[in-house]
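[1] 3D, please:
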Amino acid sequence: MDDRGRKVIPAVDFIFAYDVKSVFGTGGAYAGGQMLVVVVFCRDPVARVTAQMFLPLVDLFKGKTGSLVAAAKVFASP
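    Numbering: from 1, shown residues only. As a prediction, this is how the structure comes out:
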């Protein structure tokens, strides 16, 4: 739940089925406007400070996949 008590992940059946204790995520956008979102589900409680250590991973992933996205090898139009 967020700070206001709202369910962040509405798929409660998924949360209970996999005994999820923590969920966190980050995201960004490629130069062409395509969005990237990373959502992590954990079976252990994860402190905010620990989750924040994962934030740089989205930039690393974008750096490694940016040329593929630019060449339309990912997110290509139908």
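
[2] which SS class is the spatially most central residue of the chain?
    Computing the C-alpha centroid of the chain and ranking residues by Cα atoms, centre = their mean puts residue 38 first, at 1.6 Å. Look at residue 38: counting by DSSP: H, G, I helix; E, B strand; the rest coil, its state is strand.

[3] Name whatever forms a beta bridge with it.
    residue 26 (DSSP bridges).

[4] That one reaches residue 60, doesn't it?
    No - look at residue 38 against residue 60 with Cβ atoms under 8 Å: they stay out of range, at 10.7 Å. No exception for glycine: its C-beta is placed from N, CA and C like everyone else's.

[5] With adjacent residues omitted, what lies nearest to residue 39?
    Closest residue to residue 39 apart from its sequence neighbours, by Cβ to Cβ, 6 or more residues apart in numbering: residue 25 at 4.1 Å.

[6] Tell me the spacing between the one you found and residue 73.
    The spacing between residue 25 and residue 73, counted by Cβ to Cβ, to the nearest Å, is 24 Å.

[7] Those two: which is more packed in?
    Comparing residue 25 with residue 73 by neighbour count (other Cβ atoms under 10 Å), the higher total belongs to residue 25, at 15 against 10.

[8] Quick check: buried residues in the longest helix belonging to the chain?
    If you go by DSSP state H, the chain has its longest helix at helix 56-70. With burial defined by 16 or more other Cβ atoms under 10 Å, the residues of helix 56-70 counted as buried are 58, 62, 66, 69.

[9] so what's the third one up against?
    What that stands for is residue 66. Counting by Cβ atoms under 8 Å, 6 or more residues apart in numbering, residue 66 touches 30, 31.
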